[in-house]
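Trainee: predicted structure and sequence below. I'll ask about it afterward.
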Amino acid sequence: MAEKTAKTTPTGSSQPGAVLRPGRPADRTRPESARAPVETPDRELEPLSGPSEHPEPASAETWADATESGAEDQAAPSEGSEETERRYAESRQRRWRRLLRQCDRVNLMDFHLLSLSDWPDSFSLNEARRRRDVWLLSATIAALVFLSGLTGLVPAWVAGGGFGAFVVILLLGVPFIRRLYSSKPSYFELILRRQQLIRDARRHIAHLEGDVGLIWQCNELAEFNPALASPRFSTLRHLSEQRRLASALSKREHIRLYLIFMLEAEKAYRRLQTAYFEQHQKAIDRGWASVAEAVTETGGGGGEASGAGVIYDQPPDENGTSGPEQQPSVGSGRQARS
């Protein structure tokens, strides 16, 4: 039976037929397309000209030329980027030098004047007002007693006593006599002291602002201290731009606001100075002569401002010297802060 079911393959065929054997299923054969490996002829990968199997190695001159051309291609973009960086650094240093020159007057700020440290407080003012009211009331009562004696309402000796008391009370109000028995200032003196402090602070602000407006010029320092860009300083910037800031500051709150701005500007100026010297040293290390050129510019402040805005090409050392000359102390016009 197995012989009858056996199938014979035709002559010349490479695929055997399925053979049934007793006791197991027929053998499974894979198709010829799955069994035959996919071979890619080498002739398709070779160029039509038919080069040899082992190409000749490139000569030393050809390899050197290729290396030089590749190095030049890589050096060209690097040189272009370095030139762009140098120009940017030069422009940045020039802008920073301009800021250092036009904002150097922040170092002349007198903290004692702008802080109004001797400002009479409200308690002292109320106490002096109370003493003034008592003095006025006593003088008024004594004058009424004296006038009552003139009209005959009171006896003459009472009127005379009232007149004497009136004269004594008036003398006690005279400043040089009042200082003999009391060291406390009067209400009028406290008011005059407040007005004098306001005038001194406004005079100092006018000196700092100058003819160009210090706050308006230092507006770019917000790059180093974002607090300078606060909206509460917008009125100060506007008045400084119009050159009428000093005349507009008439209250203690206004002067305190100006002091806060100046403190923030001084902080930003120090950061700007540090950044300028760091970039200046980096330019020297990289050999950028146009960026690292020496700068000895002075600010345009006369009087006590002379010499306060000097900028050196290197920061001073521990002995306080910079190069052959000694660096003047920045902010020489400032008094000690209390």
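Mentor: Great, that's in hand.

Trainee: report the buried residues of whatever helix or strand Leu239 lives in.
Mentor: Leu239 is part of helix 234-241, with elements assigned from DSSP states H and E. Buried residues in helix 234-241, counted by 16 or more other C-beta atoms under 10 Å: 236-237, 239-240. Using the backbone N, CA and C atoms, a C-beta is placed for each residue, glycine as well.

Trainee: please name every helix or strand in contact with it.
Mentor: When contacts are defined as 3 or more C-beta pairs under 8 Å, 6 or more residues apart in numbering; DSSP states H and E, helix 234-241 sits against helix 214-217, helix 245-248, helix 252-286.

Trainee: same for the second one, what does it pack against?
Mentor: Same thing as helix 245-248. helix 187-209, helix 234-241.

Trainee: closest one of the buried residues of helix 234-241 to Leu150?
Mentor: Nearest to Leu150 among the buried residues of helix 234-241 is Leu239, at 58.7 Å by C-beta to C-beta.

Trainee: distance of the closest residue to that closest one other than its chain neighbours from Tyr258?
Mentor: In space, and not counting its chain neighbours, Leu239 is closest to Leu245: 4.1 Å by C-beta to C-beta, 6 or more residues apart in numbering. Plainly put, Leu245 is 8 Å away from Tyr258 if you go by C-beta to C-beta, to the nearest Å.

Trainee: over to Glu83?
Mentor: Plainly put, Glu83 is 44 Å away from Tyr258 if you go by C-beta to C-beta.

Trainee: these two - which one has more neighbours?
Mentor: Tyr258 (26 against 10; other C-beta atoms under 10 Å).

Trainee: can I assume the more buried one is in contact with Arg237?
Mentor: No. If you go by C-beta atoms under 8 Å, Tyr258 and Arg237 don't touch, sitting 11.3 Å apart.

Trainee: so what sits against both of these two?
Mentor: Ile215 (C-beta atoms under 8 Å, 6 or more residues apart in numbering).

Trainee: for the chain, give me the ranges with low pLDDT.
Mentor: Scanning the chain for pLDDT under 70 picks out the ranges 1-80, 286, 288-338.

Trainee: wouldn't the residue nearest to Leu239 be in contact with Leu208 here?
Mentor: No. The pair Leu245 / Leu208 is not scored as a contact, 9.5 Å apart, by C-beta under 8 Å.

Trainee: the more surrounded of these two?
Mentor: Remark: of Leu245 and Leu208, Leu245 carries more neighbours, 25 against 21, as counted by other C-beta under 10 Å.

Trainee: which residues touch that one?
Mentor: Leu245 sits next to 205, 209, 213, 215, 236, 239, 258 when contact means C-beta under 8 Å, 6+ apart.

Trainee: redo the residues you listed as JSON lines? Include distance to Ser91.
Mentor: As requested, the contacts of Leu245 are arranged in JSON lines below (distance: C-beta to C-beta, whole Å):
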{"residue": "Ile205", "distance to Ser91": "33"}
{"residue": "Glu209", "distance to Ser91": "29"}
{"residue": "Gly213", "distance to Ser91": "25"}
{"residue": "Ile215", "distance to Ser91": "25"}
{"residue": "Leu236", "distance to Ser91": "29"}
{"residue": "Leu239", "distance to Ser91": "31"}
{"residue": "Tyr258", "distance to Ser91": "32"}
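
Trainee: between those, which sits nearest Trp157?
Mentor: For the contacts of Leu245, the nearest to Trp157 is Ile205 (60.8 Å; C-beta to C-beta).

Trainee: what's the neighbour count on the closest residue to that closest one other than its chain neighbours?
Mentor: Spatial nearest neighbour of Ile205, chain neighbours left out: Ala246 (4.7 Å); criterion: C-beta to C-beta, 6+ apart. Residues near Ala246, counting by other C-beta under 10 Å, number 18.
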